[in-house]
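Trainee: Sequence and computational prediction follow.
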Amino acid sequence: MSTQASRSAARLMLSPAVGLLLIWMIVPLVLTLWFSFQRYNLLYPDRSGFIGLANYVNFVGTSGFLDAILNTLILVVGVLAITVVGGILIALLIDQPLWGQGIVRILVISPFFIMPPVAALIWKNMFFNPTNGLFAELFKFIGLRPFDFLGQAPLGSIILIVSWEWLPFATLILLTALQSLSSEQLEAAEMDGAPPVKRFWFIMLPHLARAITVVILIETIFLLGIFGEILVTTNGGPGNASTTLTYLVYKEALLDFDAGTAAAGGVVAVILANIVAMFLMRAVGRNLDA
Amino acid sequence: MARAVTPQRKLLNTVLAWAVALLLFFPILWTFLTSFKPEPIAVASPPQFLFFDWTVKNYVDVQNQRNYFDYFWNSVIISLGSTILGLAVAVPAAWSMAFVPGSKTRDLLMWMLSTKMMPAVGVLVPIYLIFKTLGLLDSRIGLTLILTLINLPIIVWMLYTYFKEIPGEILEAARMDGASLMSEILYVLTPMAVPGIASTFLLNVIMAWNEAFWTINLTVTDAAPLTKFISGFSSPQGLFYAKLSAASTMAIAPILIMGWFSQRQLVRGLTFGAVK
């Protein structure tokens, strides 16, 4: 249907977006690769030159490297598990007939609009603080000793904060998907005597599959880059207990001023992210109607 | 799915749903309440909920410490600017992909999305150095550009899914009726595309407003938006709960209210049309 002229016009309309994204992808990546093979410390800018793979050896050899990979995995998988399971449960609940559904929806979605530094600061100070945080008060009230959340369970606490930020997103999307399920199908199953668990497992869950994969894809994109929450709450500590790959690179670059090693870490992070991305795109791509 | 249930069942649903909703909303409510407490009440044990001497002193103190409006305007300019710039680039691109799809359109869209997966921290050093060389550090223009680039894939995707639902036959019909290209765009396409563009606009303003990696690392004072404003309260001012709460409320209120009004439009956009 489209003519030669409209095809070239289409290409022209596409080119600014494609061009910008190409530049945005290639220029920083090439520079990062370049720095990753250079001796480059921001404190000693005159000591420079090619040093081969030393930066990579340095980064991978950092005591925190394996911890960082493990922590990143735990953070991403933990938040995904909490938000998807929690999201399904809350969506099922809100989808039931109830009074004030509109307001419930607005209350549930609200945490999604909170900027990460604010979320982290509120949780860190007013909830997790072991002397006068609300959790400490709650623990005292029920006769327990206050628990130092960020000191004793730093990664778990960060998972809690991030889950709070992303649970509304998962809930809203799963709720929307649930509402598009035809009620005839459910009623038919009910008439045939299928118990609620079976109705959920064989009708609702397959219907939600697409929405769930979309939630996983989009959350993973954002979770791999979680930064502000860690910076504000634990600074990656104690020790390396809550240092993720992203945060480890940041530490090298801005706390140790070792731009070379940080660049090597950046390359490692980009490679790992691409492996995850490829895997995800394969699995999920089919569900996005491109 | 409105199913008929007994009133008792509906009451139970209502109680449970409200309990969950209030639990999720509680940190925001608590921050709001604490922002009106005198500092000693804010850390009182047991905690005080409603019956204390309400005061706006915290807001005045925060405002005197650093001028909220400087940061607020930077946030407004950067998030609106990057969204408008992004739309200007993305509308033609999404348009051509939706109406003149080629064999590579799908791969192109996937590639665009995959650029979002690049960890920002991996390219922080080169971007920082490029910005330093070009004099873009701590400038609104530089930040606007960065936010445009990081949100561009999402803007293209969202617009694409909206545009794809506009039936191409309508254009042909208009053409048959003798509509010129200009009137075709003005009277046929634009009205059908406006809702999609509007919700893309809303979502991207929200995302840009809350972006906290580049906005914190590339600014000092001149271009610093509200994310930077609030991270200044991390310590030791963070120990003053009432002031921290006032600053937090000031930073989140504008976008929270906007989000409440646009939440129904958000779902489609957020899932790139995969969930409707």
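Mentor: Cool, got the structure.
Trainee: okay, CA-based contacts and neighbour counts for the rest of this
Mentor: Noted.
Trainee: So which bits of the stretch 101-250 of chain B are right by chain A?
Mentor: Neighbours of chain A within the stretch 101-250 of chain B, by C-alpha under 8 Å from any C-alpha of the partner chain: B:105-106, B:109-110, B:112, B:114-123, B:125-127, B:149, B:152, B:206, B:209-213, B:227, B:230-231, B:234, B:238-239, B:241, B:245, B:248.
Trainee: swap the cut-off to 7 Å and go again
Mentor: With C-alpha under 7 Å from any C-alpha of the partner chain as the criterion, the stretch 101-250 of chain B comes near chain A at residues B:106, B:114-123, B:125-127, B:149, B:210, B:212-213, B:227, B:230-231, B:234, B:238, B:248.
Trainee: Return the subset of those lying in helices.
Mentor: Taking DSSP state H as the definition of helices, these contribute B:106, B:114, B:115, B:125, B:126, B:127, B:149, B:210, B:227, B:230, B:231, B:248.
Trainee: so where's the stretch 51-200 of chain A shaky on pLDDT?
Mentor: For the stretch 51-200 of chain A, not a single residue meets the criterion pLDDT under 70.
Trainee: ranges for the helices of it?
Mentor: Secondary structure of the stretch 51-200 of chain A (DSSP state H, counting those that start in this stretch): helices located at A:54-61, A:65-95, A:101-109, A:116-121, A:134-141, A:149-152, A:154-179, A:183-191, A:196-199.
Trainee: Now do the buried residues in the second one.
Mentor: So the one you mean is helix A:65-95. A:65, A:67-69, A:71-80, A:82-88, A:90-95 (16 or more other C-alpha atoms under 10 Å in any protein chain shown).
Trainee: check these against chain B, which are close?
Mentor: The subset of the buried residues of helix A:65-95 within reach of chain B, by C-alpha under 7 Å from any C-alpha, is A:93, A:94.
Trainee: Tell me how far residue A:37 lies from residue A:43.
Mentor: As judged by C-alpha to C-alpha, to the nearest Å, residue A:37 and residue A:43 stand 18 Å apart.
Trainee: for residue B:143, same thing?
Mentor: Here the distance between residue B:143 and residue A:43 works out to 26 Å (C-alpha to C-alpha).
Trainee: So for these two, which sits in the more crowded spot?
Mentor: residue B:143 (26 against 11; other C-alpha atoms under 10 Å in any protein chain shown).
Trainee: what's that one in contact with, if anything?
Mentor: Contacts for residue B:143 (C-alpha atoms under 7 Å, 6 or more residues apart in numbering or on different chains) come out as B:78, B:215.
Trainee: my read is it is in a helix, agree?
Mentor: Yes. Under DSSP: H, G, I helix; E, B strand; the rest coil, residue B:143 falls within a helix.
Trainee: number of nearby residues for residue B:177?
Mentor: For residue B:177, the neighbour count with other C-alpha under 10 Å is 9.
Trainee: burial measure for whatever residue of the stretch 51-200 of chain B ends up closest to chain A, as a count.
Mentor: Here the stretch 51-200 of chain B gets closest to chain A at one residue, residue B:122, 3.5 Å apart by C-alpha to the nearest C-alpha. Other residues near residue B:122 come to 27 when the count uses other C-alpha under 10 Å.
Trainee: that older thread, now render the helices of the stretch 51-200 of chain A as TSV, adding distance to residue B:24.
Mentor: Formatted as TSV, the helices of the stretch 51-200 of chain A follow (distance: least, C-alpha to C-alpha, whole Å):
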stretch	distance to residue B:24
helix A:54-61	39
helix A:65-95	11
helix A:101-109	6
helix A:116-121	12
helix A:134-141	15
helix A:149-152	19
helix A:154-179	7
helix A:183-191	29
helix A:196-199	26
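Trainee: Can you tell me which of the ones you listed is nearest to residue B:166?
Mentor: helix A:154-179 (21.9 Å; C-alpha to C-alpha).
Trainee: Endpoint to endpoint, stretch B:176-191 covers what distance?
Mentor: End-to-end distance for stretch B:176-191, by C-alpha to C-alpha: 19 Å.
Trainee: chain center to that stretch: distance?
Mentor: 33 Å (C-alpha atoms, centre = their mean, to the nearest Å).
Trainee: That stretch: which residues count as buried?
Mentor: Within stretch B:176-191, the residues scored as buried using 16+ other C-alpha under 10 Å are B:179, B:184, B:189.
Trainee: Just name the most buried of the helices of the stretch 51-200 of chain A.
Mentor: Greatest average neighbour count among the helices of the stretch 51-200 of chain A goes to helix A:116-121 (a mean of 26), per mean count of other C-alpha atoms under 10 Å in any protein chain shown.
Trainee: ok, the residue of the stretch 51-200 of chain B closest to chain A - contacts?
Mentor: Neighbouring residues of residue B:122 by C-alpha under 7 Å, 6+ apart: A:263, A:265, A:266, A:267, A:269, A:270.
Trainee: Apply 10 Å and report the result again.
Mentor: A:28-29, A:32, A:225, A:245-246, A:249-250, A:253, A:262-270 (C-alpha atoms under 10 Å, 6 or more residues apart in numbering or on different chains).
Trainee: Kindly report the same for residue B:52.
Mentor: Contacts of residue B:52 by C-alpha under 10 Å, 6+ apart are B:36, B:37, B:38, B:41, B:42.
Trainee: anything in the one helix or strand residue A:48 maps to sitting right up against chain B?
Mentor: Under the criterion of DSSP states H and E, residue A:48 resides in strand A:44-50. No. Between strand A:44-50 and chain B, judged by C-alpha under 10 Å from any C-alpha of the partner chain, nothing touches; the nearest distance is 12.8 Å.
Trainee: by contact count, what packs against that strand?
Mentor: Under the contact criterion of 3 or more C-alpha pairs under 10 Å, 6 or more residues apart in numbering or on different chains; DSSP states H and E, strand A:44-50 touches helix A:4-36, strand A:38-41.
Trainee: the inter-axis angle of that strand versus helix A:4-36?
Mentor: If you take axes from the mean of the first three to the mean of the last three C-alpha atoms, to 10 degrees, strand A:44-50 sits at 110 degrees to helix A:4-36.
Trainee: from the chain's centre, how far out does strand A:44-50 sit?
Mentor: Mean C-alpha position of strand A:44-50 versus that of the full chain (C-alpha atoms, centre = their mean) differs by 36 Å.
Trainee: before we move on, what about stretch B:72-80?
Mentor: 12 Å.
Trainee: Please save the CA atoms from it in CSV.
Mentor: This file holds the C-alpha atoms of stretch B:72-80, laid out as CSV (Å, rounded to 0.1, in the frame of the first residue of the first chain):
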residue,chain,number,x,y,z
PHE,B,72,10.6,23.5,42.2
TRP,B,73,11.1,25.6,39.0
ASN,B,74,14.1,23.5,38.0
SER,B,75,11.9,20.4,38.4
VAL,B,76,9.1,21.9,36.3
ILE,B,77,11.4,23.2,33.6
ILE,B,78,13.4,20.0,33.3
SER,B,79,10.5,17.6,33.4
LEU,B,80,8.3,19.7,31.0
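Trainee: Pull the contacting residues for the nearest residue in space to residue A:40 that is not next to it in sequence.
Mentor: Nearest residue to residue A:40, sequence neighbours excluded (C-alpha to C-alpha, 6 or more residues apart in numbering or on different chains): residue A:260, at 4.8 Å. Residues counted as contacts of residue A:260 (C-alpha under 10 Å, 6+ apart) are A:32-42, A:48, A:51, A:54-56, A:58-59, A:252-253, A:266, B:125.
Trainee: try 8 Å
Mentor: Counting by C-alpha atoms under 8 Å, 6 or more residues apart in numbering or on different chains, residue A:260 touches A:35, A:36, A:37, A:38, A:39, A:40, A:41, A:55.
Trainee: isn't the first one right up against residue A:265?
Mentor: Right, the one you point to is residue A:35. No. Residue A:35 is beyond contact range of residue A:265, at 10.7 Å (criterion: C-alpha atoms under 8 Å).
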